[in-house]
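>>> the sequence and its predicted three-dimensional model are supplied below.
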Amino acid sequence: MLRAVGYTRVSTGRQAQEGISLEVQSQRIAALCAEQGWELLDIYQDTDSGAKWERTALQGILARLGRDKRAVKPFDIFITYKVDRLARSARDFYEVLHRLEQAGVAFRSAVEPHFDTTSAWGKALLGIAAIFAELEGDQIRGRITAALHRKAEKGEWVGRPPLGYRLEGGLLFPDPQTAPFVQAAFTMLADEHLPSREVGRRLTALLGKGPTYGGFSATDVKRLCSNSVYVGDIPWNEERFPGKHEPLVDTALFARAQAVLATRMTRRRDRDSPYLLSGLLRCARCGGPMSGHYHSGTRNASGLRKINSIYVCAAHASSGQCAGSYLFTTKAERLLIALLGELYRSSASEIRDLPRISNSQPTREALESRLRTMPKNFERLIDMAARNVISNEELAAARKRFEKERAQVEATLHGLESPAVSVPQTRRRFRDLAALLRSSEVSVQRKRDLLAALIARIDWQRDGRDVTLTLTLRD
């Protein structure tokens, strides 16, 4: 008597409702064995997608198979309800058939009798069926993706609700228990300027858990505070759709958080950069930022390559979206120092006519709003100290930070009413900056900071061998 092993699979509750439940599949396999007079040893069951290779029951069956036909077979026939129950990928399907053939085990479909590896036609039909099963799987995935995209377009949430919300009927609603902690995370990052790791530690203490076993990591905090769902969006891949849910943070706080994160990324990226004008210098073709790179030149008489450092259009270097332009670093920096000297000697009208952009100064309304919210934020810290989330020493340090920040905001408010920097002061800044750029005792990072405080961008044009720089100043 031949020995048989059955395999059944469902991946959704809907499949069970449509009549192909695990029980129905098992009954059909048992009936086939009774008809053929085979001994049914066992029936393995999976509740995973057919697109997954690592299914517990399937891997358990394959583990029982030997690699040699001469070895003792654990069973003679492998039966599945239908071909598409075994795999949704032709590659996975052929891998199972190959393993069965290696072990000398036949394959049979319970409701598709023509799919039988004991004949050449049966093997050929099985291959065709596997290809169509894969095609059907691709179509199912495409339909699911399109349906989820339409759902996002309508402002409905797709997937598990993010922290701070609960999901009802496809819509997000603020969770009164966790929403305040999300708002606290944004405040700690954007207004208190706490490190992401410290914000994560406090969130873990408040919630008693995190997205991972170890609680909230710095990466988890960055991901949380970068999620535009908290300002009313529905993110879907690279798209953003207006949501139907209530935002947990206002756009001003969200923007401050993004600015803090971007600044930290830039500082980390540029901490050891030897390039003075990266980010300030703009591409002559597309106007995008340029970054410094090493470039291998031609070989000299000794056969050695000359290594040059150049500024290259970042869009060209990263993705090729721009045709690209380049400028040697030494030439660009020498031209900048010369230009600063010329501006120091220029007339008052020429200095006033220099292009300027806003220094991203906050508006009076934003500053006054910040002054109003600061006491509320400090009250939240007092509450955290009362619950032993933070220590009294941390609370005292936070009090000093709040007092310092309040003085800075008040000074900035006063500065909005102050007159613009005079022409003589601007001239002196040009002179001093040129002297500092020439100095070998000032670090590159310090020079970069001084440049960024005065200059917003540096544009340039090439005319033959001549290069002309144009500065855009900060107000």
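All right, it came through fine.
>>> element containing the most centrally placed residue in the chain, please.
By Cα atoms, centre = their mean, the mean C-alpha position of the chain lies nearest to R223, the distance being 7.4 Å. Element membership of R223, judged by DSSP states H and E, is helix 218-225.
>>> who does that helix touch, helix- and strand-wise?
In this structure, helix 218-225 makes packing contacts with helix 179-190, helix 196-207, helix 251-270, judged by 3 or more Cβ pairs under 8 Å, 6 or more residues apart in numbering; DSSP states H and E. For the C-beta atoms, the positions are set from N, CA and C on the backbone; glycine is no exception.
>>> export those as a markdown table, with columns for distance to D76.
Putting those into a markdown table (distance: least, Cβ to Cβ, whole Å) gives the following:
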| stretch | distance to D76 |
| --- | --- |
| helix 179-190 | 59 |
| helix 196-207 | 55 |
| helix 251-270 | 61 |
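>>> what's the most buried one of the ones you listed?
helix 179-190 (a mean of 22; mean count of other Cβ atoms under 10 Å).
>>> what angle do that one and helix 196-207 make?
Put simply, helix 179-190 runs at 160 degrees to helix 196-207, going by axes from the mean of the first three to the mean of the last three Cα atoms, to 10 degrees.
>>> in terms of mean pLDDT, which of the helices and strands packed on helix 218-225 ranks lowest?
When those are compared by mean pLDDT, helix 251-270 comes last with a mean of 71.
>>> for P74, phi and psi?
Dihedral pair for P74: phi -70, psi -20, per degrees, to the nearest 10.
>>> quick check: buried residues in the helix or strand hosting A396?
Here A396, judged by DSSP H and E, is contained in helix 392-416. Neighbour-count burial for helix 392-416 flags E394, A398, R401, F402, E405, V409 (criterion: 16 or more other Cβ atoms under 10 Å).
>>> closest to L454 out of the helices and strands packed on helix 218-225?
helix 251-270 (17.4 Å; Cβ to Cβ).
>>> contacts only, for R431.
L340, G341, Y344 (Cβ atoms under 8 Å, 6 or more residues apart in numbering).
>>> can you do 10 Å?
Listed by Cβ atoms under 10 Å, 6 or more residues apart in numbering, the contact partners of R431 are L340, G341, L343, Y344, R345.
>>> how about the third one, nearest residue that isn't a chain neighbour?
Using Cβ to Cβ, 6 or more residues apart in numbering and skipping the chain neighbours, the partner closest in space to L343 is F430 (4.6 Å).
>>> measure that neighbour to R448 for me?
From F430 over to R448 the distance is 17 Å, taken as Cβ to Cβ, to the nearest Å.
>>> neighbour-wise, which of these two wins?
Neighbours per residue, other Cβ atoms under 10 Å: of F430 and R448, the larger number sits with F430, 21 against 18.
>>> now the one helix or strand Y7 maps to, how far from the centre of its chain.
Taking DSSP H and E as the criterion, Y7 maps to strand 3-9. Between the centre of strand 3-9 and the centre of its chain there are 43 Å (Cα atoms, centre = their mean, to the nearest Å).
>>> what helices or strands is it leaning on?
Secondary-structure packing of strand 3-9 (3 or more Cβ pairs under 10 Å, 6 or more residues apart in numbering; DSSP states H and E): helix 22-36, strand 39-46, helix 56-64, strand 77-80, helix 83-86, strand 106-109.
>>> go again with 6 Å.
Judged by 3 or more Cβ pairs under 6 Å, 6 or more residues apart in numbering; DSSP states H and E, strand 3-9 is in contact with helix 22-36, strand 39-46, strand 77-80.
>>> looking at the ones you listed, which is nearest to L2?
Smallest distance to L2 across the helices and strands packed on strand 3-9 (Cβ to Cβ): 5.8 Å, for strand 77-80.
>>> list the contacts of that closest one.
Strand 77-80 is contacted from outside by 2, 4-7, 29, 86, 100, 105-108, 110, using Cβ atoms under 6 Å, 6 or more residues apart in numbering.
>>> cutoff 7 Å now
Applying Cβ atoms under 7 Å, 6 or more residues apart in numbering, the set of residues contacting strand 77-80 from outside is 2, 4-7, 29, 32, 38, 86, 100, 105-110.
>>> what mean pLDDT does it get?
On average, strand 77-80 scores 91.
>>> about what we covered before: quick one: the helix or strand hosting the residue nearest to L343 to chain centroid distance?
For F430, the enclosing helix or strand under DSSP H and E is helix 423-438. Helix 423-438 sits 41 Å away from the centroid of its parent chain (Cα atoms, centre = their mean).
>>> tell me the mean pLDDT over it?
Averaging pLDDT along helix 423-438 gives 87.
>>> and the next helix or strand past it?
Note on helix 423-438: by DSSP H and E, the next helix or strand toward the C-terminus is helix 444-454.
>>> closest to T470 out of the helices and strands packed on helix 218-225?
Closest of the helices and strands packed on helix 218-225 to T470 is helix 251-270, at 23.2 Å (criterion: Cβ to Cβ).
>>> hmm, who's touching the helix holding R223?
Outside helix 218-225, the residues that touch it by Cβ under 7 Å, 6+ apart are L163, A185, F186, L189, S196, R197, V199, G200, G210, P211, A257, L261.
>>> helix or strand with the lowest mean pLDDT in the protein?
Across the helices and strands of the chain, mean confidence by mean pLDDT, DSSP states H and E is lowest for helix 13-15: a mean of 54.
>>> ok, Y275 - contacts?
S291, G292, T329.
>>> what score does the closest residue to R85 other than its chain neighbours have for pLDDT?
The shortest distance from R85 to any non-neighbouring residue, by Cβ to Cβ, 6+ apart, is to R9 (4.7 Å). pLDDT for R9: 89.
>>> okay, now R9: neighbour count?
By other Cβ under 10 Å, the residues close to R9 number 25.
>>> that one contacts D84, doesn't it?
No. Taking contacts as Cβ atoms under 7 Å, R9 lies outside contact range of D84: 9.1 Å.
>>> identify the contacts common to the two.
Common neighbours of R9 and D84 (Cβ under 7 Å, 6+ apart) are G50.
>>> hang on, the earlier thing: Serialize the contacts of helix 218-225 to CSV and add fields for distance to S439.
As requested, the contacts of helix 218-225 are exported to CSV (distance: Cβ to Cβ, whole Å):
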residue, distance to S439
L163, 49
A185, 42
F186, 41
L189, 36
S196, 35
R197, 36
V199, 38
G200, 41
G210, 48
P211, 48
A257, 37
L261, 33
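>>> let me know the closest of those to M374.
F186 (14.5 Å).
>>> hang on, the earlier thing: which elements pack onto the helix holding A396?
helix 364-386 (3 or more Cβ pairs under 7 Å, 6 or more residues apart in numbering; DSSP states H and E).
>>> and the angle for the helix it packs on with helix 392-416?
Angle of helix 364-386 versus helix 392-416, following the same axes, to 10 degrees, is 170 degrees.
>>> CA atoms only: put helix 364-386 into CSV for me.
Presented in CSV, the C-alpha positions along helix 364-386 are these (Å, rounded to 0.1, in the frame of the first residue of the first chain):
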residue,chain,number,x,y,z
ARG,A,364,6.1,87.9,15.5
GLU,A,365,3.0,85.7,15.7
ALA,A,366,5.1,82.5,15.9
LEU,A,367,7.4,84.0,18.6
GLU,A,368,4.4,85.2,20.7
SER,A,369,2.8,81.8,20.3
ARG,A,370,6.0,80.2,21.5
LEU,A,371,6.0,82.4,24.6
ARG,A,372,2.4,81.4,25.4
THR,A,373,3.1,77.6,25.0
MET,A,374,6.3,77.5,27.0
PRO,A,375,4.6,77.5,30.4
LYS,A,376,2.4,74.6,29.3
ASN,A,377,5.4,72.6,28.2
PHE,A,378,7.1,73.2,31.5
GLU,A,379,4.0,72.1,33.4
ARG,A,380,4.2,68.8,31.4
LEU,A,381,7.7,68.3,32.6
ILE,A,382,6.7,69.0,36.2
ASP,A,383,4.0,66.3,35.8
MET,A,384,6.7,63.9,34.4
ALA,A,385,8.9,64.6,37.5
ALA,A,386,6.0,63.9,39.8
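>>> good, we can wrap up now.
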